[in-house]
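1. sequence and predicted model, in that order:
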Amino acid sequence: MADSSSEDIQFFAKREKIYPRAVKGRFRTLKWSILTICLAIYYLAPFLRWDRGDNAPGQAILIDLPARRAYFFFIEIWPQEVYILTGVLILAAVTLFFATALFGRVWCGYFCFQTVWTDLFMLVERLFQGDRNARIKLDQEKWSFNRLWRKAATHIVWVLIGLVTAGTFVFYFTDAPTLWGQLIHGQASTTVLGFMAGLTFSTYLMAGIAREQVCTFMCPYARFQSAMFDEDSLIITYDPDRGEPRGKKTKDQNWEDRGHCIDCERCVQVCPTGIDIRDGLQIQCIACGLCVDACDDVMDKLGLPRGLVRYDTERHMKLKREGRHDEMLSHLARPRTYWYMLILAFVSAVMIYALASRVTTELHVLHDRNPLLVQLSDGSIRNGYNVKILNKTHYDRHFVLTQNGLENAELSLKGAGMRHLDDLLVPADTVGNFKVFVTAPKQGVAQKDFQFIIDEVDGEAHDLYESVFISEKP
Amino acid sequence: MTANDKKKIDETSGVETTGHSWDNGSLEELNNPAPRWWVWVYILCTIWAIGYWVIYPAWPVPGGQERGGTVGSAGYNQYKELEKSQEAIAVRQAAYLEDFQKASYDQIMANDELYAFAVAGGKAAFKDNCATCHGSGGSGGPGFPNLNDDDWLWGGAIEDIEQTIKYGIRSEHDETRYNMMSAFGKDEILEPEDIENVVTYVMALSEGGMEAANAKYPAGAEVFADNCTACHGEDAKGLREMGAPNLTDSIWLYGGDKDTIHETVYGGRSGVMQAWVDRLDENTIRQLAVYVHSLGGGE
């Protein structure tokens, strides 16, 4: 520790606050449109209704955790169908990789929740505190009423947005109109309120305070995006061949003698992650295209062609530099993107098949293990089974249980109620659980395969389950 | 770090390196400072951990020794947690318990909820109290009846099962059911030759039925008619009021081989089941009766 230079070592860096400047242009418009659509879907979707009949919830999108059911329009998911969720996650991941291979980090720049909500929060900030310069000035000012009310209003609106965001989130997990009534009358459960408090705080913290630090330091996707890129991916690039040497343009200079970059720093000022795109592709870049808009605006004013900063591929830039325009290939067509498309098509097909072939009746049988078998006084053998009949429809149904494959076997039902094997009632949206005994003479072999069969009374549903009858101890 | 180590500055970024390098020095680690919010997260986590340490039972506080170790300043203890969850269970059970108490066995059998309540409670009680002898699935063993089969010495209706559970068999309770298989050999009631004959006869009974056995082993039949029919009946099918087993079926409590039957006739049998009336409450006994009946052998 005798090292004299150790005094200069800074272990922890203070965040440099970023004051993004407002910008107008093609990509900004696209961003606003996507933001509006995404937020509209998020905030309104829980209030959509979907008629499923009397015995099922009428909410279009509902994840009913206590009842272990998920509803998504016409799709209904029981716990054993949770592989559909796996399919959705695979699709989401591959779509993300596919989009990244084609267009770079567009997910981050346009669709990511962090980006969308941060954009919304910046809009509020701009509304109360003005654009970049006004905000910088305001932060340097001494505390005054002007500064106080502007700051306070910003934070209050942020918290309110957080509250609405959190409130909407819980609506996805319970009947929205009911919960809305409970919230209004202060009757919501502490679980709901706890979730809302947590989500309000995290929305405020992430979109209001942390912002680009989430993308740079916390987001795992930022870390492996470089593995998703190749030289044919569209990334945001500054064209140094055209821009350099940069600098303020003096009157005597002709555009042919110098680069087109006038070093106005607009691209830096509008960047929500605070980088200079002219330094090349960096981990912080979320490919939002705002620098493109800013630069295009400046080029228009100077009467120069747009695209000094643009979406382009590395291969394209390289070929252009070498003057080989004719060799350029479409960056879309390459093995990587074909593979992603193939995987997407395959997973989609599997999921469509799974959804289309979903049955509303299922039979499952569990053989008793303790005891495996019981010898009765007349020498016959009895095995016990737990028979489960799944009724995934929204009406009560009756079933007949029979068996196939065991000679001289008798089925009998144990349990309460007045049920009979030829009239097993399974109420709507439930699993009927029946204790069934099968009594048969010794089979001559230690165990014999046979099937349980159910048929719906006055219906077409039919299912069978392969089970086993054990007549000798192993 | 020794004084000889010069700070190396990375050319491209202008940032000092840590001195670690890989791939023959082509890859070096930059010594960028960590973000400050990170250190705040670390500090907050540390403060949280210290609070947690004191509030929950990790840090011994004076007078905080209780069953199960120390308690934190919040007085948290796993036994208290257990008591709380048991109270919650008691509340849930209470919803059914009153109806269960009032209901007859017929009513319980006709009601899905009460039946499920009884079977679930009985199952738990069975594993705690009965499984030692009868096995966790109730399938018993030599000398301990299989409760899944259809052979009931004293009756298999729920009421009979309840009676057996309450007062036991040959227990010390006054109401207990009592019988005894005489020790025909040890007490010199029968000659060894007669015992041999009757054992052979009894084995034939369960194999081919009474008529065949009579024809084949008349000596044994005579011994049986003179000594065994009082309890096992003229037809050898047992007398339930005596708790005497049916000798013509294929179920043997102690074993159906010749040596075991000989042992039974020679030395007698008097297995004991204790009375549970003083150890288990009325509800538990009723739940147990329903559960045992549900195993499949109930009548």
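-> Here it is on my side, so go on. Residues are numbered from 1 along each chain as shown, chains lettered A, B, ... in the order given.

2. show me what contacts A:L344?
-> A:91, A:94-95, A:98 (C-beta atoms under 8 Å, 6 or more residues apart in numbering or on different chains). All C-beta atoms are positioned from the backbone trio N, CA, C, and that covers glycine.

3. output the lowest mean pLDDT helix or strand found in the chain.
-> If you meant another chain, say so; for now it's chain A. helix A:220-228 (a mean of 81; mean pLDDT, DSSP states H and E).

4. oops, I was thinking of chain B
-> In chain B, no helix or strand scores lower on mean pLDDT, DSSP H and E than strand B:65-66, which sits at a mean of 62.

5. circling back to that earlier point, so which of the contacts of A:L344 are in strands?
-> Among the contacts of A:L344, DSSP state E puts none in strands.

6. contacts only, for A:G130.
-> Shown in contact with A:G130 (C-beta under 8 Å, 6+ apart): A:L138.

7. before we move on, back to that, from the contacts of A:L344, keep the buried residues only.
-> By neighbour count, with 16 or more other C-beta atoms under 10 Å in any protein chain shown, these hold A:94, A:98 as buried.

8. want to throw the contacts of A:L344 into TSV with pLDDT?
-> Formatted as TSV, the contacts of A:L344 follow (pLDDT from 0 to 100):
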residue	pLDDT
A:L91	94
A:V94	93
A:T95	93
A:F98	91
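
9. make TSV from the contacts of A:L344 and add distance to A:P335 to it.
-> Shown next, in TSV, are the contacts of A:L344 (distance: C-beta to C-beta, whole Å):
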residue	distance to A:P335
A:L91	21
A:V94	15
A:T95	18
A:F98	13
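
10. need the max-distance pair from the contacts of A:L344.
-> Maximum pairwise distance among the contacts of A:L344 (C-beta to C-beta): 10.1 Å, between A:L91 and A:F98.

11. excluding sequence neighbours, find me the nearest residue to residue 217.
-> Went with chain A since none was named. Spatial nearest neighbour of A:F217, excluding adjacent residues (C-beta to C-beta, 6 or more residues apart in numbering or on different chains): B:P35 at 5.9 Å.

12. if you could check chain B rather than the one you did, that'd help
-> B:Y201 (4.4 Å).

13. contact partners for the one you found?
-> B:213, B:217, B:219-221, B:223-224.

14. how about low-confidence regions in the stretch 1-150 of chain B?
-> Filtered on pLDDT under 70, the stretch 1-150 of chain B yields the residue ranges B:1-7, B:60-70.

15. can you give me the helices in it?
-> Ranges of helices in the stretch 1-150 of chain B, per DSSP state H, counting those that start in this stretch, are B:36-55, B:78-102, B:105-110, B:112-129, B:131-134.

16. neighbouring contacts of the first one?
-> Put plainly, it is helix B:36-55. Residues outside helix B:36-55 that contact it (C-beta under 8 Å, 6+ apart) are A:11-15, A:210, A:213, A:217, B:58-59, B:61, B:72-74, B:76.

17. pick the one among those closest to B:G138.
-> B:Y76 (39.7 Å).

18. report the contact partners of the closest one.
-> Neighbour list for B:Y76: B:55-57 [criterion: C-beta under 8 Å, 6+ apart].

19. I'd like these as JSON lines, with distance to B:M109 and neighbour count appended.
-> Converted to JSON lines, those look like this (distance: C-beta to C-beta, whole Å; neighbours: other C-beta atoms under 10 Å in any protein chain shown):
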{"residue": "B:I55", "distance to B:M109": "51", "neighbour count": "14"}
{"residue": "B:Y56", "distance to B:M109": "48", "neighbour count": "15"}
{"residue": "B:P57", "distance to B:M109": "47", "neighbour count": "21"}
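
20. measure the residue positioned nearest the centre of chain B to A:G259 for me?
-> Nearest to the geometric centre of chain B sits B:K127, at 1.8 Å (C-alpha atoms, centre = their mean). In this view, B:K127 and A:G259 are 84 Å apart by C-beta to C-beta, to the nearest Å.

21. how about B:A95?
-> 82 Å.

22. which one of these two is surrounded by more residues?
-> Neighbour count, other C-beta atoms under 10 Å in any protein chain shown: between B:A95 and A:G259, A:G259 has more, with 18 against 11.

23. mind checking what secondary structure the more buried one has?
-> Put simply, A:G259 is coil when judged by DSSP: H, G, I helix; E, B strand; the rest coil.

24. so where is chain A shaky, pLDDT-wise?
-> Scanning chain A for pLDDT under 70 picks out A:1-9, A:326-331, A:416-418.

25. repeat that for 80
-> Of all residues in chain A, those with pLDDT under 80 make up the ranges A:1-11, A:54-55, A:225-227, A:251-253, A:257, A:323-333, A:415-419, A:474.
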